[in-house]
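sequence? don't have it. structure:
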């Protein structure tokens, strides 16, 4: 019997008045549709994640790591595809799927998973809460099998509205203050010393691409997400962006004496395309699919060959 939503959940109020519900064992009930009807529209990034998972082929024999697993929405979708799912979260009590036992894990620490045992990782809205994002990606590389996939989403700090808001007040949204000491922690409870930080560590597409590159991942797909109206209106700045997407690489190649180095030219050309991509400029969230291209040791050896003096 499939398992379902919480009928009677404990509600905790986090810092800054944020409310969180987590399930107790006795409050979970059985149902065939734990998160509503299959065709029920879902707003926000999870709607795009759900659609992507449902378009995957069946996954029997595959092991998926869901971190942070939250209430188990992605875990549930992967289970329906036949995958074995390992659900990890800083607060595993948030899990609402009754036949899934979420376990504790902190993205800032070594994951309780053996090397090269995972076929696919889903990290939905997690990396922006963690200070050492390179470590997170290196851990993902460690636990993935060769050729394993990483599905990652995070708020898009490179969207035009976010860029303008950053210029005006160093925030990702002009109606919201930058994180401060009074609202930088989103959740904490009395049973743990762990703190759930808010969007303290938002990352733009250029920075994230570099983190992917130096942790052994190759981005194979960038999925469209919700388009922001304000960002579209700010598209009037596109000619200026295009100009600097041409000039900046040109000036920098001269500065580092790259000359006709095809590797440098290729990397800079791809970065200019990424800067001008409509998914970069207009979408509210980053949703990237990446493949483990190299192990950590292979990545280290590769970076030593391409580093410039």
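Ah, there it is. On a predicted model such as this, the values are computed, not experimentally measured, just so you know.

Do I have it right that residue 183 meets residue 198?
Yes - between residue 183 and residue 198 there is a contact under Cβ atoms under 8 Å: 6.6 Å. Glycine gets a C-beta too; all of them are placed from N, C-alpha and C.

wait, isn't residue 204 in contact with residue 159?
No - contact status for residue 204 versus residue 159: not in contact, 9.2 Å apart, counting by Cβ under 8 Å.

So those two - more neighbours on which side?
residue 159 (28 against 18; other Cβ atoms under 10 Å).

roughly how far apart are the closest residue to the more buried one other than its chain neighbours and residue 173?
In space, and not counting its chain neighbours, residue 159 is closest to residue 231: 5.0 Å by Cβ to Cβ, 6 or more residues apart in numbering. Residue 231 is 11 Å from residue 173, where distance means Cβ to Cβ, to the nearest Å.

Residues in contact with both of the two, list them for me.
residue 161 (Cβ atoms under 8 Å, 6 or more residues apart in numbering).

quick one: the strands in the stretch 1-150 of the chain?
Counting by DSSP state E, counting those that start in this stretch, the stretch 1-150 of the chain has these strands, from start to end: 3-6, 10-13, 19-22, 28-30, 63-66, 84-89, 103-104, 118-124, 144-155.

Sorry, slip of the keys, the one I care about is the stretch 151-300 of the chain.
Per DSSP E, counting those that start in this stretch, the stretch 151-300 of the chain carries strands over the ranges 185-187, 196-197, 217-222, 285-292.

now these in a markdown table, with mean pLDDT and mean neighbour count?
Below are those laid out as a markdown table (pLDDT from 0 to 100; neighbours: other Cβ atoms under 10 Å):
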| stretch | mean pLDDT | mean neighbour count |
| --- | --- | --- |
| strand 185-187 | 84 | 19 |
| strand 196-197 | 84 | 19 |
| strand 217-222 | 98 | 16 |
| strand 285-292 | 98 | 21 |
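
what does the helix ranked longest in the chain rub up against?
In the chain, with assignment by DSSP state H, the single longest helix is helix 238-255. The contact list for helix 238-255 (Cβ under 8 Å, 6+ apart) reads 258-259, 264-265, 268-269, 271-272, 275-276, 281.

Which one (most neighbours) among these?
residue 281 (24 neighbours).

show me the contacts for the residue nearest to residue 159.
159-161, 281-284.

Can you check the pLDDT for it?
The score at residue 231 is 97. That number is its pLDDT.

Next: residue 42.
At residue 42, pLDDT is 77.

Was I right to think it contacts residue 50?
Yes - counting by Cβ under 8 Å, residue 50 is a contact partner of residue 42 at 6.1 Å.

okay, those two: which has more neighbours?
Neighbour totals were compared for residue 42 and residue 50, and residue 50 leads with 18 against 14 (other Cβ under 10 Å).

Lowest average pLDDT across the strands of the stretch 1-150 of the chain?
The bottom spot among these, by mean pLDDT, belongs to strand 3-6, with a mean of 34.
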